[in-house]
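K.L.:
Build the 3D model from these lines:
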Amino acid sequence: MSPMDRYLIYYYLQSEQYGSVLAVTEKNSHQPEYTLYGALVYIRVGHYVEALRQLNIIQHVMGDCKLATLLLLIVAHKKCMDPDFGTISELELSLKQAQPCSNEKSLALAALGLYFTRHVDKAVGFAEKVLKLNSTNVEARLVLAWTELSKKQTKNAHSAFKAIATLEPKCIPALIGDVLTSTDRADQLSKLNRILVQYPTVDAPLIEKLSVCLSGKDWVQCYELSERLATLNENSSVANKISQQLDLLTEISAKSPSPHIILVQISQLSSQTEIRTRLDGIVKSQMSLVARQPFGYQYLIDLNVDILLTVLAEYLTLVRYNSPIFLA
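P.N.:
This next block holds a predicted model:
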């Protein structure tokens, strides 16, 4: 597995872009580590039978994935509707036997597996064991940095991401983490532009730049970035959904002075109940607002754009941070 493939998979898993993870792993399913990450996706989205099927393929393969595979098998079995407690006991015994002789990479993969299945405390424990063996291990440091970020310890996370990026300049999750923990929008854009110059064929900085531009309501940049993103990664759920919505704005805003019509149709684009519920709430509040405005047609057209970009920024945030399921 190339370092860039590995780092992109970490980024996709952390930002919950599961279709992009599977696009990488399914092309390399003959390699156990790729299979492991693919199984992680299916655990995250609740497809435990498929996760078990993939993990069983690599269960008896000796190597660095052994410890993480056993841990994920236990996690997946416990989450099944009808857990096989006999199998779970056997797996736990195998885990006890494997753990004492595990090397640095085995422990690091175990830390990642536990972190991405939301067993954060256990993941931190494994990461700390790794750092005792090698204080520069990137995977262990990422687990600790993400944990700090999830606790909203932004300054600590920022320092951690910068330290990782210094150790490994190609580590996309660390470079993106440095951006996400910066508070100044201009600084964020400057850092993202530098990453894009250095890695022009990588979609991660484009996604993050799109997020920043959406929050700043930079309409032209949003459209250009979404098209570029779709060209780079046809499996990108963010690119596909945002492109649909931007195209919808272009079509509808020229035909109707009613912003709520756009909002209703955008809400219907999403198959995710939690996202639709959130957007429907915005629709209702904006319909009430528009009904009270005694302004002309052009004002309402301008309001279309302003409201829609606000919703798009909200949508992207929900896509990235609220466990959506985007599987091909």
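K.L.:
Pull the number of nearby residues for Arg44.
P.N.:
Per other C-beta atoms under 10 Å, the neighbour tally for Arg44 reads 18. In short, each C-beta sits where N, CA and C put it, glycine included.
K.L.:
Identify the residues contacting it.
P.N.:
Applying C-beta atoms under 8 Å, 6 or more residues apart in numbering to Arg44 gives the contacts Leu13, Glu16, Tyr18, Phe116, Thr117, Ser323.
K.L.:
mind running it again at 10 Å?
P.N.:
Each residue near Arg44 by C-beta atoms under 10 Å, 6 or more residues apart in numbering is listed here: Leu13, Glu16, Tyr18, Val21, Ala51, Phe116, Thr117, Arg118, Ser323, Ile325.
K.L.:
Emit the ChimeraX select command for whichever of those are buried.
P.N.:
Once 16 or more other C-beta atoms under 10 Å is used to decide burial, the buried members of those can be selected in ChimeraX as follows:
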select :13,16,18,21,51,116,117
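K.L.:
In strands, which of the contacts of Arg44 appear?
P.N.:
Of the positions in the contacts of Arg44, not one sits in strands, assigned by DSSP state E.
K.L.:
now, which of the contacts of Arg44 lie within helices?
P.N.:
Of the positions in the contacts of Arg44, Leu13, Tyr18, Val21, Ala51, Phe116 sit in helices, assigned by DSSP state H.
K.L.:
ok, for the second one, nearest residue in space, not its chain neighbours?
P.N.:
Using C-beta to C-beta, 6 or more residues apart in numbering and skipping the chain neighbours, the partner closest in space to Tyr18 is Val41 (4.8 Å).
K.L.:
again, but for Leu36
P.N.:
Looking at Leu36 with C-beta to C-beta, 6+ apart, the closest residue is Cys65, at 5.2 Å.
K.L.:
how much space between the residue nearest to Tyr18 and Gln17?
P.N.:
Distance, Val41 to Gln17, using C-beta to C-beta, to the nearest Å: 10 Å.
K.L.:
for Tyr115, same thing?
P.N.:
Relative to Gln17, Tyr115 is positioned 16 Å away (criterion: C-beta to C-beta).
K.L.:
now Val143
P.N.:
When Val143 is compared with Gln17 (using C-beta to C-beta), they lie 19 Å apart.
K.L.:
Would you mind splitting this protein into its domains for me?
P.N.:
In the assignment given by automatic domain parsing, the structural domains of the chain cover 3-148, 232-319.
K.L.:
Considering these, which stretch scores lowest in mean pLDDT?
P.N.:
Taking the average pLDDT of each of the domains of the chain, the minimum falls on domain 232-319, with a mean of 54.
K.L.:
Break down the stretch 101-250 of the chain into its helices, ranges please.
P.N.:
Ranges of helices within the stretch 101-250 of the chain are 104-116, 120-133, 138-150, 154-167, 172-180, 185-198, 204-215, 219-232, 237-253, based on DSSP state H, counting those that start in this stretch.
K.L.:
Could you look up the SS state of Met62?
P.N.:
When states are read from DSSP: H, G, I helix; E, B strand; the rest coil, the local structure at Met62 comes out as coil.
K.L.:
Show the contacting residues for it.
P.N.:
Neighbours of Met62 in contact, by C-beta under 10 Å, 6+ apart: Pro32, Ala98.
K.L.:
what's it sitting at in phi/psi?
P.N.:
In terms of degrees, to the nearest 10, the main-chain angles of Met62 are phi -80, psi 140.
K.L.:
what's near enough to touch the closest residue in space to Glu104 that isn't next to it in sequence?
P.N.:
In space, not counting the residues next to it along the chain, Glu104 is nearest to Leu133; the distance is 4.7 Å by C-beta to C-beta, 6+ apart. With contact taken as C-beta under 10 Å, 6+ apart, Leu133 is in contact with Ser102, Asn103, Glu104, Lys105, Leu107, Ala108, Ala140.
K.L.:
which residues sit in contact with the second one?
P.N.:
Just to be clear, that refers to Asn103. Gly63, Asp64, Leu67, Val130, Leu133.
K.L.:
how about CSV for those, with distance to Gly86 added?
P.N.:
Supplementary listing: these in CSV, determined by distance: C-beta to C-beta, whole Å:
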residue, distance to Gly86
Gly63, 26
Asp64, 28
Leu67, 21
Val130, 32
Leu133, 34
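K.L.:
ok, of the residues you listed, which come out buried?
P.N.:
Taking 16+ other C-beta under 10 Å as the criterion, what is buried in the contacts of Asn103 is Asp64, Leu67, Val130.
K.L.:
Distance to Lys152 added to these, as JSON lines?
P.N.:
Listed next are the buried ones among the contacts of Asn103 as JSON lines, based on distance: C-beta to C-beta, whole Å:
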{"residue": "Asp64", "distance to Lys152": "33"}
{"residue": "Leu67", "distance to Lys152": "31"}
{"residue": "Val130", "distance to Lys152": "24"}
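K.L.:
Leu55: which of those residues is nearest?
P.N.:
Proximity of the buried ones among the contacts of Asn103 to Leu55 (C-beta to C-beta) peaks at Leu67, which lies at 12.4 Å.
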